[in-house]
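Trainee: pasting the sequence and the predicted coordinates here, then a few questions.
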Amino acid sequence: MSMIKIDMNSPEFIERMEKTVKFTDKVISQFGWEYHPEQDINEGVQMGLARNKMMYNKLFCPCFMVEEVDGKPQSVDNRTCPCTPAIEKEIPELGACHCGIFCTPEFAAKKRIEMGIEEVVHTHSRGLTKEECQILVDQAEIDSDEMVSLLEARELGMVDFKLVDVREDMEWQMNHIKGADSLIPTSSFYQALEEAKLDKNENIILYCHVGSRSAHVARIMPDLGYKKLGNLTHGIVSYGGEKEN
């Protein structure tokens, strides 16, 4: 399957997006939740839901990979918004759903305070050695600060790896991590992976919106011969470095 591209400016998508926002508004009202205070998170999820409705005719959670089962598209973990794990476990226990859009009022209030009094500051006062860079890039899970450090080290020629975005074309157009090398959407994963012509022996770091799709891809790729895979643990929403569109 070739890469699927949906025009965000098309009348069809604009109409679907309006319906999706009304849907998430209704979910918020029905369950007494609130939106995440960071609007970019909500917009990204709403666009993903709209995209999935157009592609699969179902509101699959955009943070989970969609696979074909018996000829029909199916979300990994059966995640269809508002998904059962969010309703029964994630929001009651953690305060927010996995995709981040739906929160309890208490979680949203706390997050607003945190956003108001904290700035994410990345300090890189001590340069990493090549050995330290290699240890970092070999990790299975990589956090935001580590990703920033690795990209800086790569610019200096101290480490080599490929940074791969496994979200969809639409998400990439909204924004992506500066320095990302390839877009390999999960909706056309095998074809896009083949076209990317990645070296199966090089270090590859994967990322998506919140880390779920990329973690799933990281479990698939070893069966295809890829040996050195890392995952940006909480995805682009956690990333404090430079982004571009």
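Mentor: Great, that's in hand.
Trainee: mind listing the helices for this structure?
Mentor: Per DSSP state H, the chain carries helices over the ranges 11-31, 39-56, 84-85, 91-94, 105-117, 130-137, 144-155, 169-174, 189-196, 212-220.
Trainee: quick one: residues in contact with the first one.
Mentor: Translated: helix 11-31. 6-7, 33-35, 42, 45-47, 49-51, 53-54, 59, 81-82, 87, 91, 101-102 (CB atoms under 8 Å, 6 or more residues apart in numbering). Bear in mind the C-beta positions are built from the backbone N, C-alpha and C, glycine included.
Trainee: how about that helix as CSV, C-alpha atoms only?
Mentor: Provided in CSV are the C-alpha atoms of helix 11-31 (Å, rounded to 0.1, in the frame of the first residue of the first chain):
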residue,chain,number,x,y,z
PRO,A,11,-13.7,20.5,1.9
GLU,A,12,-14.1,16.8,2.8
PHE,A,13,-11.5,16.9,5.6
ILE,A,14,-12.7,20.3,6.9
GLU,A,15,-16.2,19.0,7.2
ARG,A,16,-15.0,15.8,8.9
MET,A,17,-12.9,17.8,11.3
GLU,A,18,-15.9,19.9,12.3
LYS,A,19,-17.9,16.7,13.0
THR,A,20,-15.0,15.3,15.0
VAL,A,21,-14.8,18.3,17.2
LYS,A,22,-18.5,18.1,17.8
PHE,A,23,-18.0,14.4,18.7
THR,A,24,-15.2,15.1,21.2
ASP,A,25,-17.2,18.0,22.7
LYS,A,26,-20.1,15.5,23.2
VAL,A,27,-17.8,13.0,24.9
ILE,A,28,-16.4,15.6,27.2
SER,A,29,-20.0,16.6,28.2
GLN,A,30,-21.2,13.0,28.5
PHE,A,31,-18.5,11.9,30.9
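Trainee: which parts of it are buried?
Mentor: Buried residues in helix 11-31, defined by neighbour count with 16 or more other CB atoms under 10 Å: 13, 16-17, 20-21, 23-24, 27-28.
Trainee: please, a ChimeraX command that selects the buried ones among the contacts of helix 11-31?
Mentor: The buried residues among the contacts of helix 11-31 can be selected in ChimeraX (16+ other CB under 10 Å) with this line:
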select :6,33,34,35,42,45,46,47,49,50,51,53,54,59,81,82,91,101,102
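Trainee: where does this structure have low pLDDT?
Mentor: 1-4, 115-127 (pLDDT under 70).
Trainee: so what's the residue positioned nearest the centre of it up against?
Mentor: Geometric centre of the chain, nearest residue: H209, 1.5 Å, by CA atoms, centre = their mean. H209 makes contact with 44-45, 48, 62-63, 99, 167, 171, 235-237 under the criterion CB under 8 Å, 6+ apart.
Trainee: E202 too?
Mentor: Going by CB under 8 Å, 6+ apart, E202 touches 160-162, 228.
Trainee: most surrounded residue in those residues?
Mentor: Using other CB atoms under 10 Å as the neighbour test, those are led by F161, with 21 neighbours.
Trainee: thinking again about what came up before, among the buried residues of helix 11-31, which one lies nearest to R154?
Mentor: Among the buried residues of helix 11-31, F13 lies closest to R154 (CB to CB), at 35.1 Å.
Trainee: any idea how far that closest one lies from K19?
Mentor: 11 Å (CB to CB, to the nearest Å).
Trainee: the domain parsing of this protein - what is it?
Mentor: 11-117, 130-244 (automatic domain parsing).
Trainee: coming back round to it: what distance do you get for the residue nearest to the centre of the chain to E155?
Mentor: Taking CB to CB, one finds H209 at 25 Å from E155.
Trainee: could you report the neighbour count for L156?
Mentor: By other CB under 10 Å, 11 other residues sit near L156.
Trainee: torsion angles phi and psi at it?
Mentor: phi -90, psi 0 (degrees, to the nearest 10).
Trainee: oh, and call the first residue 44 from now on, that's how I've got it
Mentor: Yep, numbering from 44; the last one is L199 now.
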